[in-house]
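Asks: Give me a model of this one.
(one chain, ligands or ions: 1)
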Amino acid sequence: MSDSQKTTNVLKSTRRDFLKTTAAGSLGLVAVGSVGIARSAHAAGSDTIKIALIGCGRRGLGSLQDRFKVGDNVKLVALADVAEKPIQAAAKLLRSQDEFKDKLALDDDYFFTGFDGYKHAVESCDQVLVASPPGFHPVHYAYAVEKGKHVFVEKPFSVDAPGYKICMAANQIAEDKKLTVCAGYQRRHQPSYLEWIKRIQDGEIGEVRSTRVYWNGGQVWIRGVRGKTESEMSFQVRDWYFFNWLSGDNIIEQHCHNIDVGNWIHGKGDRLAHPVKCYGMGGRQWRKTPILPYNECGNVFDHHYVEFQFTDGAIMHSQCRQINGCWNSVTEKVEGTKGRGESCWLKPDNGERWDFPKNQNKNAYVEEHIHQADAIRNGKYLHDGWHSATSSMTAVMGRMATYSGKEIAWDEAVEKGSALFPYGKELTFETETPVTPGPDGTYEHAVAIPGIYNPFA
Ligand SMILES: NC(=O)c1ccc[n+]([C@@H]2O[C@H](COP(=O)([O-])OP(=O)(O)OC[C@H]3O[C@@H](n4cnc5c(N)ncnc54)[C@H](O)[C@@H]3O)[C@@H](O)[C@H]2O)c1
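Replies: The predicted model follows:
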């Protein structure tokens, strides 16, 4: 059966029973016999893992350096980016760093630019790191597993429901091919969170009744005005945070971390746990003020509030904001029938408060790569794709609620949620963008208006 046929089939099938994890598998690290370096993608007899990076921006470079810090035998063989400049800057920096010189096998012929560059990078390596803007993740992830490569994919996995379905199909292909999939939801690899969630799931504060998850912070980067001769596509891909077809909006791009932790808590070990419905509100105030360069703030909101309801009636309250000068918090809080807590402490009603010892925590950005390298080399099962696609879709469902002002049910969101990203379209810098500027040069006309916006159109 071809991969595309498998893709179609997996979309029809339900994976819930199969994917329930055991306690031992909560991290997804379960030994599966002799699937290791010998049966993985790299050449038999070699213990060198060839790495390629797709998206050579800030996190891409950071993630690559974190991968190098694992200290195993890897060689960077290819860099791909839609633009030439980030590739050259990344190569220059890496070549100047003595620390990582032995990790480079970089030939300038393996610098791949353009919207198709990722394909060549994937084909050159054993393990791919995907750190392009979120809208591209489903396409880049699916191609990597189709070609049989181990993958590290930055969060979020998708910005819309069709992207979620592509990722779920890719998850199944990775599962079938025994590929490792690691995601940039680094809390899932952080000792403090692993211990905190285990204690909650062991019942230290009774049954979980609600969680409160927050990413309230200030304005993020803006990349500057569109160049006089720059195409609209080039500008939007450069300023990707502010266009929802590329970032998903801040509830997805940033707040997905906390929503993922909420799903993890409420899921009680089910990697596919998700809320069944939600409603919420949101809007854009700061991004309309003259303080900011209005026409560079695209069509995204700057605040969202959502109540997500799980099958057992438990509620996850979610807040995210990107406005300067307000109350900030990036955390997760939990209320149980016998106590409460916050990442990463717990206070049972009838007991002492437990805090994760700060001196025992580790750098989660490196830990995730340590776990994946171990899984690749020692034939362990590591598949972050299931919870990552699910929590990305949870955030998409939240955005559908805040944009529309309507109650949104999971099944309907998945089945009928509209595409923001132009899947299946060959992109160039001249392709018309899904969002275009209005006559005033701004994107205000493309900002969702609750009560009017239809998330299924
Ligand atoms: N896990 C975390 O804590 C964390 C932190 C920051 C960013 N991220 C994620 O990392 C990803 C990248 O974010 P960033 O901050 O590095 O952004 P960035 O803008 O600094 O880098 C993105 C790079 O991707 C390139 N690119 C754009 N379209 C591409 C395409 N089609 N093919 C290949 N390259 C393409 C851009 O030219 C740019 O160099 C995002 O998904 C973001 O959400 C995760």
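
Asks: So which residues on this structure come close to the ligand?
Replies: With Cβ under 6 Å from any ligand atom as the criterion, the chain meets the ligand at residues 54-60, 80-83, 86, 115, 118, 131-134, 136, 154-155, 184, 186, 237, 253. (Each C-beta comes from the backbone N, C-alpha and C, glycine too.)

Asks: Let's see which of those end up in strands.
Replies: 54, 80 (DSSP state E).

Asks: Could you identify the buried members of the residues of the chain next to the ligand?
Replies: 54-57, 59-60, 80-83, 86, 115, 118, 131-134, 136, 154-155, 184, 186, 237, 253 (16 or more other Cβ atoms under 10 Å).

Asks: residue boundaries of the strands in the stretch 351-457 of the chain?
Replies: Using DSSP state E, counting those that start in this stretch, the strands of the stretch 351-457 of the chain run over 354-355, 380-381, 408-409.

Asks: ah, wrong one, I meant the stretch 151-300 of the chain
Replies: Counting by DSSP E, counting those that start in this stretch, the strands of the stretch 151-300 of the chain are 181-183, 208-217, 277-283.

Asks: pull the CA atoms of the longest one into CSV?
Replies: What follows is strand 208-217, C-alpha atoms only, in CSV (Å, rounded to 0.1, in the frame of the first residue of the first chain):
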residue,chain,number,x,y,z
VAL,A,208,-8.6,16.9,38.6
ARG,A,209,-11.7,19.2,38.3
SER,A,210,-10.1,22.2,36.5
THR,A,211,-6.9,23.7,35.1
ARG,A,212,-6.0,27.3,34.3
VAL,A,213,-3.4,27.7,31.6
TYR,A,214,-1.8,31.0,30.7
TRP,A,215,0.6,32.6,28.3
ASN,A,216,0.1,36.3,29.0
GLY,A,217,3.0,38.4,27.9
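
Asks: Give the other helices and strands that it contacts.
Replies: Judged by 3 or more Cβ pairs under 8 Å, 6 or more residues apart in numbering; DSSP states H and E, the packing partners of strand 208-217 are helix 256-267, strand 315-322, strand 329-336.

Asks: Tell me which residues touch the spatially most central residue of the chain, please.
Replies: Central residue of the chain (Cα atoms, centre = their mean): Lys155, 1.4 Å from the mean position. Contact analysis of Lys155 by Cβ atoms under 8 Å, 6 or more residues apart in numbering lists 134, 183-185, 256-257, 260, 388, 392.

Asks: Out of those residues, which comes closest to the ligand?
Replies: Distance to the ligand, by Cβ to the nearest ligand atom, is smallest for Gly184 among the contacts of Lys155, at 3.6 Å.

Asks: so what pLDDT did the residue lying closest to that closest one once chain neighbours are set aside get?
Replies: For Gly184, ignoring the flanking residues on the chain, the nearest one in space by Cβ to Cβ, 6 or more residues apart in numbering is Glu154 at 3.9 Å. Per-residue confidence (pLDDT) for Glu154: 98.

Asks: And Glu154, how far from Leu93?
Replies: 19 Å (Cβ to Cβ, to the nearest Å).

Asks: ok, now Glu430?
Replies: Counting by Cβ to Cβ - Glu430 and Leu93 are separated by 30 Å.

Asks: The two: who's more crowded?
Replies: Leu93 (13 against 9; other Cβ atoms under 10 Å).

Asks: Tell me if I'm right that that one and Arg58 touch.
Replies: No: counting by Cβ atoms under 8 Å, Leu93 stays clear of Arg58, with 11.5 Å between them.

Asks: residue contacts, the closest residue to Pro434 other than its chain neighbours?
Replies: Distance criterion Cβ to Cβ, 6+ apart; nearest residue to Pro434, sequence neighbours excluded, is Trp245 at 4.5 Å. For Trp245, the contacting residues are 135, 159, 420-422, 433-435, by Cβ under 8 Å, 6+ apart.

Asks: Need the max-distance pair from those.
Replies: Greatest spatial distance in the contacts of Trp245: Val159 and Thr433, 14.2 Å, computed using Cβ to Cβ.

Asks: who's more crowded, these two?
Replies: Val159 (30 against 19).

Asks: Need the pLDDT of the closest residue in space to that one that isn't next to it in sequence.
Replies: Spatially, and ignoring its direct neighbours in sequence, Val159 is nearest to Gly248 (3.4 Å; Cβ to Cβ, 6+ apart). You'll see Gly248 listed with a pLDDT of 98.

Asks: Quick check: the residue of the stretch 1-150 of the chain nearest the ligand.
Replies: The stretch 1-150 of the chain approaches the ligand most closely through Gly57 (1.7 Å), counting by Cβ to the nearest ligand atom.

Asks: wait, that residue sits on Ile87?
Replies: No: with contact defined as Cβ under 8 Å, Gly57 and Ile87 do not form a contacting pair (10.4 Å).

Asks: and for those two, which residues touch both?
Replies: Common contacts of Gly57 and Ile87, defined by Cβ under 8 Å, 6+ apart, comprise Asp81.

Asks: one step back: if we compare the strands of the stretch 351-457 of the chain, which one ends up closest to Gly341?
Replies: Between Gly341 and the strands of the stretch 351-457 of the chain, the shortest separation by Cβ to Cβ is 8.3 Å, and it involves strand 354-355.

Asks: What strands line up against that closest one, and which way round?
Replies: strand 345-348 (antiparallel) (DSSP bridges).

Asks: mind saving the C-alpha coords of the strand it pairs with as PDB?
Replies: What follows is strand 345-348, C-alpha atoms only, in PDB (Å, rounded to 0.1, in the frame of the first residue of the first chain):
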ATOM      1  CA  TRP A 345       4.400  22.200  42.900                       C
ATOM      2  CA  LEU A 346       1.400  20.500  44.600                       C
ATOM      3  CA  LYS A 347      -0.400  21.100  47.900                       C
ATOM      4  CA  PRO A 348      -2.700  18.300  49.000                       C
END
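
Asks: and it, which residues are buried?
Replies: Buried residues in strand 345-348 (16+ other Cβ under 10 Å): 346-348.

Asks: Kindly state the pLDDT recorded for the closest residue to Ser391 other than its chain neighbours?
Replies: Nearest residue to Ser391, sequence neighbours excluded (Cβ to Cβ, 6+ apart): Asp260, at 3.7 Å. If you check Asp260, the pLDDT there is 98.

Asks: what's the closest non-adjacent residue to the residue of the stretch 251-400 of the chain found nearest the ligand?
Replies: The nearest approach of the stretch 251-400 of the chain to the ligand comes at Glu253, 5.1 Å away (Cβ to the nearest ligand atom). What sits nearest to Glu253 in space, not counting adjacent residues and going by Cβ to Cβ, 6+ apart, is Ser247, at 4.4 Å.
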